[in-house]
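[1] Output the structure for:
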Amino acid sequence: MLEKLTQQEEQALLAVFETGEGNVKMFLDHLTEPVPYTTLASTIKNLEKKGYLVSRPVGNLNWYKPTLSEADYKKQFMNGVVKNYFDNSYKELVSFFVEQKKVSPKELKEIIEMIEKNSSR
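    Below you'll find the model as predicted:
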């Protein structure tokens with residue numbers, strides 16, 4: 001399992017996923033909140049040290065690409081959230097969203113239909 005990310009690192013990684021692969025300047029264009037180039041460059045280096053990115057030189061720039069897919073990252077992230085905040089129970093996670101009124105009865109029915117459809121395969 002890869003090391004936990006800071007919020008800044010996660011925002012940078014999401015920009016990398018959106019870009020696909022590229023250099024720091026390309027990632028800057030995909031950040032939701034602007035940061036200085038040097039800050040992002042430092043964050044990208046941290047992501048490489050933590051094993052989330054690999055780099056190769058292209059001309060006088062480093063070209064970065066993720067070591068895992070966005071789907072794999074989301075899966076790992078969600079597993080950590082469920083384990084750390086919901087006692088490793090997806091039922092507790094869903095209950096939380098229901099109590100917070102973040103999931104409607106219609107959406108819950110759709111979720112149940114998805115579960116039933118996938119379990120019958």
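
[2] could you pull out the helices for the chain?
    Taking DSSP state H to define them, one finds helices in the chain at 7-19, 24-28, 37-49, 70-85, 90-99, 105-119.

[3] would you list those in TSV and tack on distance to Trp63 and mean pLDDT?
    Where you see a C-beta, it was placed from the backbone N, CA and C, and this is true even at glycine. Listed next are the helices of the chain as TSV, based on distance: least, CB to CB, whole Å; pLDDT from 0 to 100:
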stretch	distance to Trp63	mean pLDDT
helix 7-19	11	95
helix 24-28	9	95
helix 37-49	11	97
helix 70-85	18	89
helix 90-99	37	89
helix 105-119	38	89
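
[4] Looking at those helices, which is nearest to Asn60?
    helix 24-28 (12.3 Å; CB to CB).

[5] Can I get that closest one in PDB? Just the C-alpha atoms.
    Taking Å, rounded to 0.1, in the frame of the first residue of the first chain, the C-alpha atoms of helix 24-28 are listed here in PDB:
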ATOM      1  CA  VAL A  24       4.800  20.300 -14.200                       C
ATOM      2  CA  LYS A  25       3.600  23.200 -16.500                       C
ATOM      3  CA  MET A  26       0.900  20.900 -18.000                       C
ATOM      4  CA  PHE A  27      -0.300  19.800 -14.600                       C
ATOM      5  CA  LEU A  28      -0.600  23.500 -13.500                       C
END
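
[6] Many thanks, I have nothing further to ask.
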